[in-house]
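[1] Need coordinates for the below:
(chains A and B)
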Number of protein chains: 2
Amino acid sequence: MQTEPVRVRHTDLDAFVRALLAAKGMSAEDAATAAEVFVWADLHGVASHGVAWLPVTMKLIDEGALNVRARPHLSIDMPARIVVEGGSGAGSIAMMFATNVACERAARAGVCIASVRDCTHTGPIGRYAALAANAGCAAIVLVAGPPFMAYHGSRVASLSTSPIAMAVPGPGGEPIVLDIATSVVPFSKLRQARTLGTPIPAGAALTVEGRPTTDPAQAFVPLPIGGHKGSGLSLMTELLTSVLVGNAILTDHIPSHGTHRHTQNALIVTMKVSAYRSEDAFAQDVAALGAMIKELPRAEGGEEIRLPGEQSAKLARSREANGIPIPRPTWSALLSMAKTIGLPPPMAQAT
Amino acid sequence: MQTEPVRVRHTDLDAFVRALLAAKGMSAEDAATAAEVFVWADLHGVASHGVAWLPVTMKLIDEGALNVRARPHLSIDMPARIVVEGGSGAGSIAMMFATNVACERAARAGVCIASVRDCTHTGPIGRYAALAANAGCAAIVLVAGPPFMAYHGSRVASLSTSPIAMAVPGPGGEPIVLDIATSVVPFSKLRQARTLGTPIPAGAALTVEGRPTTDPAQAFVPLPIGGHKGSGLSLMTELLTSVLVGNAILTDHIPSHGTHRHTQNALIVTMKVSAYRSEDAFAQDVAALGAMIKELPRAEGGEEIRLPGEQSAKLARSREANGIPIPRPTWSALLSMAKTIGLPPPMAQAT
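    Numbering: from 1, shown residues only, chains lettered A, B, ... in the order given. Now for the predicted structure:
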């Protein structure tokens, strides 16, 4: 059995995902948007939101939970405030649309706050923060989703591992992008640890019965960073996104009476840097702060100090040049989807 | 030596702080605003930002670092975006002003983003988030300050323990208010632990030489929650607040060339609930989510599950009824300030 990953050129992977989504009825334009986000995740080392997620996307489409023909549209349209209705479409399409409009609005009003209501899985939210930064905006992105993480003091999955992304335009056109989950380890890492048998750090997960564990075979419920702090950030995200636009997620998942719809909501805050000060002066200050951080004395035995997003941007450059390594289980899933749909599979690079 | 705290009625404490600040040259209106925030902190159990901080305030005034006559004013004044110049005045005055204006703007534009530039110590930022919530707004408050916390992977103080507050109007007029530092334990708790000799949890602090420690006598540098996550949140806060408005704090504290000015900056995001949906429907959903969280199965041996701000709101009600316990060292400092200024000290409650 071959175990080493299959290396695929990112442009080939992108073409495959586009063809797959188009075959499921998505417009060429939307398929291109969604494919770009999937491949962005794989380029940046966020494998859980890359093509490994495609089988779930296919399943959601087949079940009718993801509407491939949904067009995001504005139900509230004010100079500095919009609500984007996702209509159960692909999260990436609603998020890219909302971020683009929020940046256009910020170019006129200085700032914009976009709410995204009822889309499916938003994927790698660093993508949207980076998009805003590349459009000259400082940005904050919050996303609410279904419950996987335990609320502080509880022993059951009751909160989303709500990701938070923040970004600013950076020196040399390379934005600084923070993209973190509010859990100690992401849900996807727990799944990965189960497959690989790698131990879970203490304080990071509970068993299904709600007992603290470091055993990868038993770790199913991620715990929040900083106890009540991460827990509070996630709860407030549900309130500021889902509840504010009347599309509550967490209470919809109460076992007794929830409908468990697959839905997500988000908040995107954009602030146009040039509305505050000269972009050059801003870039100089960002560079000075970045340099100061990079030059800090390291912890004993510590590695290079990194800025938010620095490592994943470096990885993306390397993968753009050398191809994306696709783990064998993901590769098999891609081949299987290609066969089902009747498409040629993505081309593996010669090794 | 008496060691038990001295109990003071919150109205008496408020009158004392007002008189003290007025004696230092502050207008009656500003002194009332600042006093309310100091006492709010003590009512809500945030002693480090209560009257225990008054001696620092006095010192800043005497050194000319805090301008008691500064009036916050708008240097950018757009329908959904303002920049408030603090002019080195009291942080509480700039923050209360900015929050009030941001809520007025949100009442018209639906949302507002207020930047606060160059004020002194902002104090308990939950106060401003609660103010916005009481005005019918969902709110996010970020504050940047001087470096106390270690950047992830570094062994020196290089980041603020940047607090984050979020709030929404809550059921029965009681807002839900999250107010957290991005450090595992606040800087003030390290100081307190040194006084009391209570051990520091593992992973919460470094010695001045940058070694991990649990010894309260050695713990001087707080560590961020979630390693690179808390670290990233704090760095991005400096970028989104200080650097965006051209008042960088962290790079100003580089030992080699910084001026170490005492200055803070903040970002206040307000979203008017009624601009999104009916306030009643929103309140019902908040109540349903709150009830769901409260009823979650508890962790083994766990205490009551609490919503953000629930415990401090309960404490405030109790202290409003029964007085605020002032620790003896703080009490001595109050008496000493009263004597220096020539004011009657606050009246202690009969025990």
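[2] Would you confirm that residue A:255 belongs to a strand?
    No - read with DSSP: H, G, I helix; E, B strand; the rest coil, residue A:255 is coil and lies in no strand.
[3] Counting neighbours, what do you get for it?
    Number of residues near residue A:255 (other C-beta atoms under 10 Å in any protein chain shown) recorded here: 7. Bear in mind the C-beta positions are built from the backbone N, C-alpha and C, glycine included.
[4] With residue A:157 instead?
    Residues near residue A:157, counting by other C-beta under 10 Å, number 22.
[5] for chain A, what spans make up the strands?
    Assigned by DSSP state E, chain A shows strands spanning A:6-8, A:73-78, A:81-85, A:111-119, A:137-144, A:149-150, A:157-159, A:164-168, A:176-180, A:205-206, A:221-222, A:264-272, A:324-326.
[6] Those strands into JSON lines, with extra columns for distance to chain B and mean pLDDT?
    Listed next are the strands of chain A as JSON lines, based on distance: least, C-beta to the nearest C-beta, whole Å; pLDDT from 0 to 100:
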{"stretch": "strand A:6-8", "distance to chain B": "28", "mean pLDDT": "97"}
{"stretch": "strand A:73-78", "distance to chain B": "5", "mean pLDDT": "98"}
{"stretch": "strand A:81-85", "distance to chain B": "4", "mean pLDDT": "98"}
{"stretch": "strand A:111-119", "distance to chain B": "5", "mean pLDDT": "98"}
{"stretch": "strand A:137-144", "distance to chain B": "5", "mean pLDDT": "98"}
{"stretch": "strand A:149-150", "distance to chain B": "8", "mean pLDDT": "96"}
{"stretch": "strand A:157-159", "distance to chain B": "5", "mean pLDDT": "96"}
{"stretch": "strand A:164-168", "distance to chain B": "4", "mean pLDDT": "98"}
{"stretch": "strand A:176-180", "distance to chain B": "4", "mean pLDDT": "98"}
{"stretch": "strand A:205-206", "distance to chain B": "8", "mean pLDDT": "96"}
{"stretch": "strand A:221-222", "distance to chain B": "11", "mean pLDDT": "96"}
{"stretch": "strand A:264-272", "distance to chain B": "6", "mean pLDDT": "98"}
{"stretch": "strand A:324-326", "distance to chain B": "23", "mean pLDDT": "97"}
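[7] Tabulate those in a markdown table, adding columns for distance to residue B:72.
    Output for those, formatted as a markdown table (distance: least, C-beta to C-beta, whole Å):
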| stretch | distance to residue B:72 |
| --- | --- |
| strand A:6-8 | 56 |
| strand A:73-78 | 26 |
| strand A:81-85 | 25 |
| strand A:111-119 | 19 |
| strand A:137-144 | 22 |
| strand A:149-150 | 39 |
| strand A:157-159 | 37 |
| strand A:164-168 | 25 |
| strand A:176-180 | 29 |
| strand A:205-206 | 46 |
| strand A:221-222 | 42 |
| strand A:264-272 | 20 |
| strand A:324-326 | 51 |
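[8] Quick check, central residue of chain A?
    The centre of chain A sits closest to residue A:124, judged by C-alpha atoms, centre = their mean, with a distance of 1.9 Å.
[9] what's it in contact with, if anything?
    Residues counted as contacts of residue A:124 (C-beta atoms under 8 Å, 6 or more residues apart in numbering or on different chains) are A:37, A:40-41, A:44, A:46, A:49-50, A:179.
[10] With residue A:100 instead?
    Shown in contact with residue A:100 (C-beta under 8 Å, 6+ apart): A:131, A:135.
[11] Mind pulling up the pLDDT for it?
    Here the pLDDT value assigned to residue A:100 is 98.
[12] So it versus residue B:240, what's the distance?
    Distance, residue A:100 to residue B:240, using C-beta to C-beta, to the nearest Å: 20 Å.
[13] picking up where we left off before, so which of the contacts of residue A:124 comes closest to residue A:337?
    The closest of the contacts of residue A:124 to residue A:337 turns out to be residue A:50 (C-beta to C-beta; 13.9 Å).
[14] quick one: contacts for residue A:30?
    A:21, A:68, A:89-90, A:93.
[15] sorry, that was for residue A:345
    With contacts defined as C-beta under 8 Å, 6+ apart, residue A:345 is in contact with A:16, A:334-335, A:338-339.
[16] With adjacent residues omitted, what lies nearest to whichever residue of the stretch 1-150 of chain A sits closest to chain B?
    Going by C-beta to the nearest C-beta, chain B is nearest to residue A:80 of the stretch 1-150 of chain A, at 3.5 Å. Once flanking residues are discounted, residue A:80 sits nearest to residue B:80: 3.5 Å by C-beta to C-beta, 6 or more residues apart in numbering or on different chains.
[17] thought that neighbour was touching residue A:111?
    Yes - with contact defined as C-beta atoms under 8 Å, residue B:80 and residue A:111 form a contacting pair (6.0 Å).
[18] Spit out the contact partners of residue A:277.
    Here residue A:277 is in contact with B:244-246 (criterion: C-beta under 8 Å, 6+ apart).
[19] switch the cut-off to 7 Å
    For residue A:277, the contacting residues are residue B:246, by C-beta atoms under 7 Å, 6 or more residues apart in numbering or on different chains.
[20] Equivalent analysis for residue A:271, please.
    With C-beta under 7 Å, 6+ apart, residue A:271 has these contacts: A:106, A:111, A:137-138, B:113, B:244.
[21] picking that back up, going by how many neighbours each has, rank residue B:80 and residue A:111 and give me the top one.
    Each of residue B:80 and residue A:111 has its neighbours counted (other C-beta under 10 Å); residue A:111 has more, 28 against 25.
[22] just the contacts of residue A:345 now: which is nearest chain B?
    residue A:334 (31.2 Å).
[23] neighbours around that closest one, how many?
    By the criterion of other C-beta under 10 Å, residue A:334 has 23 neighbours.
[24] Please apply the same query to residue A:311.
    Counted with other C-beta under 10 Å, the neighbours of residue A:311 add up to 14.
[25] any idea how far residue A:5 is from it?
    19 Å.
[26] How many residues are close by the closest residue to residue A:122 other than its chain neighbours?
    Distance criterion C-beta to C-beta, 6+ apart; nearest residue to residue A:122, sequence neighbours excluded, is residue A:91 at 3.7 Å. Applying other C-beta under 10 Å, we find 27 residues neighbouring residue A:91.
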